[in-house]
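>>> structure of the sequence below:
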Amino acid sequence: MAGTNDLSRCPVALNDDDTLIAVVEMSLTSWLVAGLLPGVERQPMKKLKVDENELLSLLHRWRGEAEKAGRYIERICVAYEAGRDGFWLARWLRSHGIEAYIMHATSVPVKRDHRRAKTDRLDCRLLMRAFVGWLRGEAEHCRMVPILSPEEEDARKPHRERENLVAERTRVINRLKSTLVLLGIRGFNPKLRKAVDRLPDLRTPDGTPIPPNTLAELRRDMARLRFVSDQIKEIEAARVERMKAVPEEKHHKMMRILSQVHGLGMETADMLAGEVLSRDIPNRRALARYGGLTGSPDESGRRRREKGLARAGNMRVRNGMIQFAWRFLQFQTDSALARWFDERTADGRRGARKTMIVALARKLLIALWRLVTLGEIPDGVILKPAV
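Prediction:
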């Protein structure tokens, strides 16, 4: 039987005689809705404008058609692929008594033909087959995405915005340095507070000042750099204020616990709490899969090889945990996990450390999950005083 947190199959048995099933193929300008109606031979398909009320009216109209055919509808199940629209439609449908689900896009099996036909109508039929199989409890048809509440969805915004701003800051700094190197100017730090005031004094190797158009470009880039840096500081200050205002909130409690681990900063703690650890994870295998830290074996006949990370999980969690694993080896040298890593890389094989660091990241993610949920401190890990 499927567990309460198993999203690979429906926890409720499907009765074909009293369940109306619909899938929605979504785009920016229109929605294509396909239905499966009990007692009705035809499988209707209707194109709508992007309007949730029209979708609800269509579902009720289809319910009326099924009841005219002598079938009383007790359940209406609707599904669509995870994408740009996020969770709002599923929450809205559930508030109106509709069972709404969001399908993990990469879990729907598709044909691997080189030039397969692909239209919205074909995609609707493909989604319908996967969704019906999932409702019937058949394994490996598709997986559903947990539908987050508005509060859970909003809690992820600050660290994701900061991540984008940090990447933007790095791009601006690299662009500034590249512009200066084109003129032969090296060793200038554009991150300094008075860097913009020093620009007129810079000279190229032949003693000439920076050309006027290039100077104007550098000033605009430095203004953008200051603006982005101020926004990053604003996000960090707001996070501190939120933690002080609501210290017992689940997300904030996890951040305080994680930040006690020596070598794990507040940014990584915020990311882990918001992206993975605040979720209802059933077991350690599901945790590793969601973190994108599981392998992808390729076995057929005598062939046995590993293709590397599956990369099917959360990219932020995977990148953050691999970076933290390297820091963990520096700050937690006497821990059991660090000794485990050293023992398996002691032979000095080429590439062994890069391979085993992923295994260490997986073990660390599980250890941090147990720390925040069960209070189990990993063996030998040094903790700092609580913030």
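>>> residue contacts, the closest residue in space to residue 85 that isn't next to it in sequence?
Excluding the flanking residues, the one nearest residue 85 by Cβ to Cβ, 6 or more residues apart in numbering is residue 26, at 5.7 Å. Backbone N, C-alpha and C define where each C-beta goes, glycine included. When contacts are counted by Cβ atoms under 8 Å, 6 or more residues apart in numbering, residue 26 touches 80, 81, 83, 84, 85.
>>> quick one: buried ones out of the residues you listed?
80, 81, 85 (16 or more other Cβ atoms under 10 Å).
>>> so for the last one, what's the pLDDT?
The predicted structure scores residue 85 at 89 on the pLDDT scale.
>>> before we move on, what about residue 116?
82.
>>> confirm that it sits in a helix.
No - assigned with DSSP: H, G, I helix; E, B strand; the rest coil, residue 116 falls outside any helix and is coil.
>>> ok, it - how many residues close by?
Neighbourhood size, residue 116 [other Cβ atoms under 10 Å]: 9.
>>> list the contacts for it?
residue 110.
>>> now residue 99
75, 76, 77, 78, 93.
>>> could the contacts of residue 26 go into CSV alongside secondary structure?
Listed next are these as CSV, based on three-state DSSP:
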residue, secondary structure
80, strand
81, strand
83, coil
84, coil
85, coil
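>>> closest one of those to residue 222?
For the contacts of residue 26, the closest approach to residue 222 (Cβ to Cβ) belongs to residue 84, at 34.2 Å.
>>> could you tell me how many residues sit around residue 245?
9.
>>> check contacts around it.
Contacts of residue 245 (Cβ under 8 Å, 6+ apart): none.
>>> can you point out the buried residues in stretch 156-171?
So, applying 16+ other Cβ under 10 Å, buried residues of stretch 156-171: 156, 158, 159, 162, 165, 168, 169.
>>> who touches the closest residue to residue 45 other than its chain neighbours in this structure?
Distance criterion Cβ to Cβ, 6+ apart; nearest residue to residue 45, sequence neighbours excluded, is residue 34 at 4.7 Å. Contact partners of residue 34, counting by Cβ under 8 Å, 6+ apart, are 22, 23, 25, 43, 44, 45, 121, 124, 125, 127, 128.
>>> can you check residue 363 too?
So residue 363 contacts 337, 340 (Cβ under 8 Å, 6+ apart).
>>> mind doing that once more with 10 Å?
284, 288, 293, 321, 325, 328, 336, 337, 340, 341, 378 (Cβ atoms under 10 Å, 6 or more residues apart in numbering).
>>> buried subset of the residues you listed?
288, 293, 321, 325, 328, 337, 341, 378.
>>> follow-up on the earlier one: quick one: the residue nearest to residue 85 from residue 20, how far?
19 Å (Cβ to Cβ, to the nearest Å).
>>> farthest pair in the contacts of residue 26?
Most distant of those, by Cβ to Cβ, are 80 and 84, 11.1 Å apart.
>>> can you check my assumption that residue 46 lies in a strand?
Yes - using three-state DSSP, the assignment for residue 46 is a strand.
>>> what number of residues lie near it?
Residue 46, neighbours per other Cβ under 10 Å, totals 15.
>>> begin at 35 from here
Fine by me, first position is 35 from now on; the one you just mentioned is residue 80.
>>> so it sits against residue 99, correct?
No - using Cβ atoms under 10 Å, residue 80 is not in contact with residue 99, being 12.0 Å away.
>>> what residues are shared contacts of those two?
With Cβ under 10 Å, 6+ apart, residue 80 and residue 99 have common neighbours residue 69.
>>> about what we covered before: ok, of the contacts of residue 133, which come out buried?
Counted by 16+ other Cβ under 10 Å, the contacts of residue 133 give 110, 111, 112, 127 as buried.
>>> mind checking the SS state of the last one?
Applying three-state DSSP to residue 127 yields a three-state assignment of helix.
>>> ok, back up a step: any idea which of the contacts of residue 60 is closest to residue 141?
Using Cβ to Cβ, the contacts of residue 60 come closest to residue 141 at residue 115, 9.7 Å.
>>> for that closest one, give its distance to residue 218.
52 Å.
>>> narrow the contacts of residue 397 to those in helices?
318, 322, 355, 359, 362, 370, 371, 374, 375 (DSSP state H).
>>> in CSV: these, plus pLDDT.
Shown next, in CSV, are the ones in helices among the contacts of residue 397 (pLDDT from 0 to 100):
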residue, pLDDT
318, 90
322, 90
355, 95
359, 96
362, 95
370, 95
371, 95
374, 95
375, 95
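>>> the worst-scoring helix or strand of the chain on mean pLDDT: how far from the chain's middle?
Ranked by mean pLDDT, DSSP states H and E, the helix or strand of the chain with the weakest confidence is strand 337-343, at a mean of 79. Distance, stretch centre to chain centre, for strand 337-343: 25 Å (Cα atoms, centre = their mean, to the nearest Å).
>>> which of the ones in helices among the contacts of residue 397 lies closest to residue 178?
Nearest to residue 178 among these, with distances taken as Cβ to Cβ, is residue 322, at 19.1 Å.
>>> ranges for the strands of this protein?
Assigned by DSSP state E, the strands in the chain fall at 53-60, 64-70, 79-83, 109-115, 133-137, 329-334, 337-343.
>>> what is the orientation angle of the longest one with strand 79-83?
Inter-element angle recorded for strand 53-60 and strand 79-83: 50 degrees (by axes from the mean of the first three to the mean of the last three Cα atoms, to 10 degrees).
>>> same check on the fourth one?
For the pair strand 109-115 and strand 79-83, the angle between their directions (the same axes, to 10 degrees) equals 70 degrees.
>>> pairing partners for strand 109-115, with directions?
strand 53-60 (parallel), strand 133-137 (parallel) (DSSP bridges).
>>> just the ones you listed: most buried one?
strand 53-60 (a mean of 23; mean count of other Cβ atoms under 10 Å).
>>> quick one: that strand to strand 64-70, angle?
160 degrees.
>>> ok, residue 275 to residue 283 distance?
Distance from residue 275 to residue 283, by Cβ to Cβ: 13 Å.
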